[in-house]
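Visitor: Sequence and predicted structure are below.
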Amino acid sequence: MGDFTKLIIWQKAHDLTIKVYALTKKLPKTEDYSLKSQLRRAAVSCESNIAEGETRYTDAAKINFFVDSRSSGAEVQSQLMIMRDVYPELSEESEALRLEYEDFCKQTNSLISFRRKSNLISQNPKNLTA
């Protein structure tokens, strides 16, 4: 069982969650139970799924949680686009954070690919080439 806090991708997700909390504090009170809440939950889901996945015993279970994390990252991006377009005063910050989540999703995808490849090799070591 791995220590998820040592994963660079989890550290990045945690940092991004803190940024989401800081940015959503700037939303009007009318967004407390809608966009603000939804964005925070999706951000927390990104890092939580990585943490939960890394502590699973099978590679397949780990990968499923990493896929869920990537999906939550896409959800955050979509919500940041809404924030960018509805609240012009927050558009620069929203777009900058959206781009960070885009990178996060790419990095998560790399982790998924790496773990899938590692899983295939461990299941059939003859797949290794000289």
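Guide: Yep, that arrived.
Visitor: Could you list the buried residues of the helix or strand of the chain at the bottom of the mean pLDDT ranking?
Guide: Lowest mean confidence among the helices and strands of the chain (mean pLDDT, DSSP states H and E): helix 91-123, at a mean of 91. For helix 91-123, burial by neighbour count (16 or more other CB atoms under 10 Å) applies to 93-94, 97-98, 100-101, 104-105, 107-108, 111-112, 115. Where C-beta positions appear, they are placed from N, C-alpha and C, glycine not excepted.
Visitor: Format the residues you listed as JSON lines; extra columns: distance to residue 41.
Guide: Below are those laid out as JSON lines (distance: CB to CB, whole Å):
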{"residue": "93", "distance to residue 41": "19"}
{"residue": "94", "distance to residue 41": "17"}
{"residue": "97", "distance to residue 41": "16"}
{"residue": "98", "distance to residue 41": "17"}
{"residue": "100", "distance to residue 41": "18"}
{"residue": "101", "distance to residue 41": "14"}
{"residue": "104", "distance to residue 41": "16"}
{"residue": "105", "distance to residue 41": "17"}
{"residue": "107", "distance to residue 41": "21"}
{"residue": "108", "distance to residue 41": "18"}
{"residue": "111", "distance to residue 41": "22"}
{"residue": "112", "distance to residue 41": "22"}
{"residue": "115", "distance to residue 41": "25"}
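Visitor: helices or strands up against the least confident helix or strand of the chain?
Guide: When contacts are defined as 3 or more CB pairs under 8 Å, 6 or more residues apart in numbering; DSSP states H and E, helix 91-123 sits against helix 8-24, helix 59-86.
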